[in-house]
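In: how does the following fold in three dimensions:
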Amino acid sequence: MTVCANFLARNWWLLLVRGIAAILFGIAAFAWPGLTAALLVLLFGVYMLVDGIFGIVDSIRYRGRLDRWWLWLLDGLLGVGVGALTLFMPDISAFVLLMFIAGWAIAGGILRIIAAIQLRREIEGEWFLVLGGILSILFGGLLIVMPGAGIVSLVWLIGLWAVTFGALFIMLAFRLRRVDADRPASTDAI
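Out: Got it, this is the predicted structure:
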């Protein structure tokens, strides 16, 4: 097992936490569909900022152990950038916010697919990451194609994406947990 696959298997719980956070965000979007645009902007901005910070910290902390750690760093930087713009510019129009979200979803989806392709020989279940990337790209594309959708539709679309993406991350985390449990003890020194 390569260092990257070993790292993912050993730290499976990081994907689990990210998946749970995405599902909680998605459930909140379904539970309160009448959220005002300002509250939606705040919730999304906080979620993106926190998720991006986790991604940056982990990529920097483990850069010596990860092959292509910069992919994880780039994904985290995208999240922080979109989160910061969303939080510090709350008066932007809904259309501009939609384009920020769409751009983040498409770029993040592409990065996840690239990471999955690079890991396909290293781990089982990389298709969860590919499927998550494809869903992110489709989500971003739908936001670009249907910018005039009402705020409730947008909230539900974001909620559906977050729950689905979170569930895929949780499934991948548990698959990686099994890989970690099956790993020989001698590889822990890496």
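In: least confident secondary structure element in the chain?
Out: Lowest mean confidence among the helices and strands of the chain (mean pLDDT, DSSP states H and E): helix 3-10, at a mean of 78.
In: can you name the element that comes right after it?
Out: Next helix or strand after helix 3-10 toward the C-terminus (DSSP states H and E): helix 12-31.
In: that next one: what's the following helix or strand?
Out: helix 37-61.
In: next secondary structure after that following helix?
Out: Counting by DSSP H and E, the next helix or strand C-terminal to helix 37-61 is helix 69-88.
In: show me what the following helix or strand past that next one is packed against.
Out: Next in sequence after helix 69-88, counting helices and strands by DSSP H and E, comes helix 94-119. Here helix 94-119 touches helix 3-10, helix 37-61, helix 69-88, helix 126-145, helix 151-182, going by 3 or more CB pairs under 8 Å, 6 or more residues apart in numbering; DSSP states H and E. Yep, even glycine has a C-beta here, placed from its N, CA and C like the rest.
In: what residues of helix 94-119 count as buried?
Out: For helix 94-119, the neighbour count (16 or more other CB atoms under 10 Å) marks 94, 97-116, 119 as buried.
In: state the mean pLDDT of it.
Out: Helix 94-119 shows a mean pLDDT of 85.
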